[in-house]
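>>> got a predicted structure here, sequence first:
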Number of protein chains: 2
Amino acid sequence: MDQILAYIDTNLDASLDRLFALLRIPSISAQPAHAADCRRAAMWARDELASLGFTARLSETTGLPGVIATHHGAGPDAPHVLFYGHYDVQPADPLDLWHADPFDPQLVDGPRGRRIIGRGAVDDKGQVVSFLEAVRAHLAVTGTLPVRLTILLEGEEECGSPSLAELLSRERANLGADFVLVADTNMWNFDTPAITMSLRGMAAVEVTIKAATRDLHSGLFGGIALNPINALTRILGDLTDDQGSVRIPGFYDGVKPVPEALLTSWQALGFDAEAFLGDVGLHSPAGEHGQSPLAQLWARPTADINGIYGGYQGDGSKTVIPAEATAKLTFRLVPGQDPAAILVNFERFVTDRLRPDAKASFKSFGASPGFAISPNAPFMRAAQAALAAEFGKPAALIGCGASIPVVEAFKTHLGLDTLLAGFGLEDDCIHSPNEKFEVGCFHRGARAHARLLAAFGPQ
Amino acid sequence: MDQILAYIDTNLDASLDRLFALLRIPSISAQPAHAADCRRAAMWARDELASLGFTARLSETTGLPGVIATHHGAGPDAPHVLFYGHYDVQPADPLDLWHADPFDPQLVDGPRGRRIIGRGAVDDKGQVVSFLEAVRAHLAVTGTLPVRLTILLEGEEECGSPSLAELLSRERANLGADFVLVADTNMWNFDTPAITMSLRGMAAVEVTIKAATRDLHSGLFGGIALNPINALTRILGDLTDDQGSVRIPGFYDGVKPVPEALLTSWQALGFDAEAFLGDVGLHSPAGEHGQSPLAQLWARPTADINGIYGGYQGDGSKTVIPAEATAKLTFRLVPGQDPAAILVNFERFVTDRLRPDAKASFKSFGASPGFAISPNAPFMRAAQAALAAEFGKPAALIGCGASIPVVEAFKTHLGLDTLLAGFGLEDDCIHSPNEKFEVGCFHRGARAHARLLAAFGPQ
């Protein structure tokens, strides 16, 4: 292992050169004008993997192709890892806020040493290349890999993965593995690696309350005609109780308390809720009473109204009782909650509160369950050991309040669990101007990936 | 009196000819292209009044002129009536829904006899001319009038009366009278005249709840960050209790119960709430429990949310916790309520319910008190007697749930109470295509006005 890590250290500048070659390709998947660039990035990755001894090919879809590469040098009985990353990037707009051409990557000095600046520096080209460099080091030093390895690089992650389900279904037989390793998340901080243990799921719904068949004059009808905005606020005003708990019947069915050990490990993270909220002008955690800020963010479900509209929205006032009013809600869900039941129960919550003359209609926009890795999964122990060895301290076992759709796709289409261990930082400005990746993160990411590959292999 | 009424009956066709001449002038005050037409209508009225023996002139404003005419033949000690009407009309759009040119008035047969069709047929040219014909009949038969009469015709009623306050202030000395008579309202039905005894006032306000300094991702912040839409619905959901009563502190201060006699007279009107609501697709009165439908409409204050908006309003869903949310409300007020206090109390109602991190700001858009005529006002007894004599039954003493701004303006600028007695019908399609005025209403309106003038004079 020392030789492999030394190889990575010695070849860091060459690794950065390879990353920069990929960063120079403006593979913006959301912009059709860059379709050829996306394909060029896919071919760059295919050729790079082929040169490392992989069987590598493009997998065409109705959109942009995936890259699939396999290296089975470890033999048919070795553990099998599926690595996932994406070669596409976000648009670079607004261009005038960049200090340099987003597709002419730069190395500049920062408070934590050198940093790579450019679109895709960390999301996800930098993370992908840090993995490829770990693979290169293993192959250079040992001539093979500790595990059977399949690599899948997607080309549409930044535009909603429209072809991913199609690709996974079609390539199912070629993507069999023991689990998926994804390098597209963050460390806890510059010194502390992290494994994302849970993601919240989501159910999205729109509710419209209708009353009269047309807008009414509030003088001629006010006091006798049901006002659908009043009705909607009255119903949604009931969504949470005084303790911040959601009042939809059965909402917490299946929600398990956060294990004590995990809560304790979260306390040790020293999360500064005041600073986190202060960054966006807030001061105090607004969620369920009796839950810690990290539990509110990672382990407890929510009911947020994301949009509301009805009646007059212009300047001044208008004496109208509108015919309808609409709200859009999303529920962030944790493992154990049944997304379909949440939507059904929300409809019941609304219809139970309807007054005469109010009619409710609903549209749902998909529902996905929460996700959690068992801390006892075999790959978890290997991953924790490898990360602790590289960083000299255990990985933070964190949660994520959002969804990562590929994780659900792997479960749905391949039946695989996902290990989320990435090397970005919160301040990397992904999706924003001057996206960066600390060279220190890139370098330790490559070293950590090398250790992970070894740890996943036969011990 | 019989001679005067006979004169009106005999000259009905000539009266209609005069009305039609005025209806042919497209005096649309909202459209600058029709400014010259408006002025033409004003001059028509001025000349008509001058030909009747009035001292008549235009009173220029920064907008369209008013017409002011006086006839003091009754002598300095006679009662003094100020008649108000307006010579401008609503735009005629959508033109393709009219069965004929809106400014080429027609007489057509309908279920209640002939009807006049054209823009302004009833609102307000038809009502104004029915009064002028009553004046003409008095002058033709007796050579004078029973009262000192001042006539004010406004030219901007249909576009919000922007110059009325200026006109009333400047002409204050020329508009002194005992009370104002307005012919711009409806009868209870074709057989039953009505006096509008009360109008609701209004207070309008906008409230914005702000939380974070920017829109937040509902996955990364959901559960810990205050959501201003949730906060707004929670506050406004509290606006009324289960009995439909408004929960703003002090909201009902000064509200007096409807006098038993008035309630009894309302019951006798046979108001069909189901039919009224059924016309707009509703079924049941939604206001305060224990109040009759007419009391809900005419005599009780309301709190209606006229508009609400915040966050995402497009198709599908968006995982955003917005930075702010806004609602617009109007309170319909009844006599006794203090509009300024209502606005202050509403602000307190909101701020008392603000959670940490929620900030509320308010904009108010004016406030006017409710208005009621005392049933004992001297002109009331005269008016009731005159209308009963003409129609063979007493006038319905009705309320109006909306405001009529000129009534407040007369009180504010001239210190005068207003008698609202008009001869339109609910189905006259004012402001809509194919506006009409029943010839029967026009004719009996002229006869009733003749009786009113006599009744207001010395008995």
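Arrived safely. A quick note: this is a predicted structure, and the numbers were derived from the prediction, not measured. Numbering: from 1, shown residues only, chains lettered A, B, ... in the order given.
>>> what's the local residue count around the residue in the stretch 151-300 of chain A that chain B sits nearest to?
Residue nearest to chain B within the stretch 151-300 of chain A (Cβ to the nearest Cβ): A:Gly237, separated by 1.9 Å. Every residue, glycine included, has its C-beta placed from N, CA and C. Residues near A:Gly237, counting by other Cβ atoms under 10 Å in any protein chain shown, number 20.
>>> surely A:Ala137 is within a strand?
No - secondary structure of A:Ala137 (DSSP: H, G, I helix; E, B strand; the rest coil): helix, not part of a strand.
>>> which residue is the nearest non-sequential neighbour of it?
Nearest residue to A:Ala137 in three dimensions, chain neighbours excluded: A:Tyr7, at 4.3 Å (Cβ to Cβ, 6 or more residues apart in numbering or on different chains).
>>> A:Leu420 too?
A:Thr196 is the one closest to A:Leu420 (Cβ to Cβ, 6+ apart), at 3.8 Å.
>>> which SS state does that neighbour fall under?
A:Thr196 is classified as strand under three-state DSSP.
>>> A:Ala382 contacts A:Phe456, correct?
Yes - at 5.4 Å, A:Ala382 and A:Phe456 qualify as touching, with contact defined as Cβ atoms under 8 Å.
>>> which ones are touching the residue of the stretch 151-300 of chain A closest to chain B?
B:Thr233, B:Arg234, B:Ile235, B:Leu236, B:Gly237, B:Asp238 (Cβ atoms under 8 Å, 6 or more residues apart in numbering or on different chains).
>>> ok, 7 Å please
A:Gly237 makes contact with B:Thr233, B:Arg234, B:Leu236, B:Gly237, B:Asp238, according to Cβ atoms under 7 Å, 6 or more residues apart in numbering or on different chains.
>>> circling back to that earlier point, comparing A:Ala382 and A:Phe456, which residue is more hemmed in?
For A:Ala382 versus A:Phe456, neighbours defined as other Cβ under 10 Å are more numerous around A:Phe456 (27 against 20).
>>> state the distance from the residue nearest to A:Ala137 to A:Ala134.
10 Å (Cβ to Cβ, to the nearest Å).
>>> would you mind listing what in the stretch 251-400 of chain A touches chain B?
A:277, A:280-287, A:293, A:296-297, A:300, A:302, A:304-313, A:316-321, A:325, A:328, A:330, A:332, A:355-357, A:365 (Cβ under 7 Å from any Cβ of the partner chain).
>>> now the buried members of these.
Neighbour-count burial (16 or more other Cβ atoms under 10 Å in any protein chain shown) applied to these gives A:277, A:280, A:282, A:285-287, A:293, A:296-297, A:300, A:302, A:304-312, A:317-321, A:325, A:328, A:330, A:332, A:357, A:365.
>>> returning to what we had before: is it true that the residue nearest to A:Leu420 touches A:Leu419?
No - using Cβ atoms under 7 Å, A:Thr196 is not in contact with A:Leu419, being 8.8 Å away.
>>> sort out for me which of the residues of the stretch 251-400 of chain A next to chain B are in helices.
A:Leu277, A:Pro293, A:Gln296, A:Leu297 (DSSP state H).
>>> got a list of what the third one touches?
The contact partners of A:Gln296, taken as Cβ under 7 Å, 6+ apart, are A:Pro285, A:Gly287, A:Glu288, B:Gly223, B:Ile224.
>>> could you measure from A:Val135 over to A:Leu236?
Taken as Cβ to Cβ, the span from A:Val135 to A:Leu236 is 51 Å.
>>> then A:Cys441?
43 Å.
>>> again, but for A:Val258
Distance from A:Val258 to A:Leu236, by Cβ to Cβ: 28 Å.
>>> same check, this time on A:Phe423
41 Å.
>>> out of those two, which sits in the busier spot?
Between A:Phe423 and A:Leu236, counting by other Cβ under 10 Å, A:Phe423 is the more crowded of the two (29 against 26).
>>> isn't the residue nearest to A:Ala137 up against A:Ala140?
Yes - contact criterion Cβ under 7 Å: A:Tyr7 and A:Ala140 qualify, at 5.6 Å.
>>> okay, and which of the buried ones among the residues of the stretch 251-400 of chain A next to chain B map to strands?
Here DSSP state E is the test, and these give A:304-311, A:320-321, A:325, A:328, A:330, A:332, A:365 as lying in strands.
>>> how near is A:Thr330 to B:Thr70?
A:Thr330 is 68 Å from B:Thr70, by Cβ to Cβ.
>>> er, A:Ala299 actually
On the measure of Cβ to Cβ, A:Ala299 and B:Thr70 end up 81 Å apart.
>>> over to A:Gln127. Which of the three states is it?
helix.
>>> skip the chain neighbours and tell me the closest residue to the residue of the stretch 351-459 of chain A found nearest chain B.
Closest to chain B within the stretch 351-459 of chain A is A:Ala402: 2.4 Å, counting by Cβ to the nearest Cβ. Once flanking residues are discounted, A:Ala402 sits nearest to B:Gly219: 2.4 Å by Cβ to Cβ, 6+ apart.
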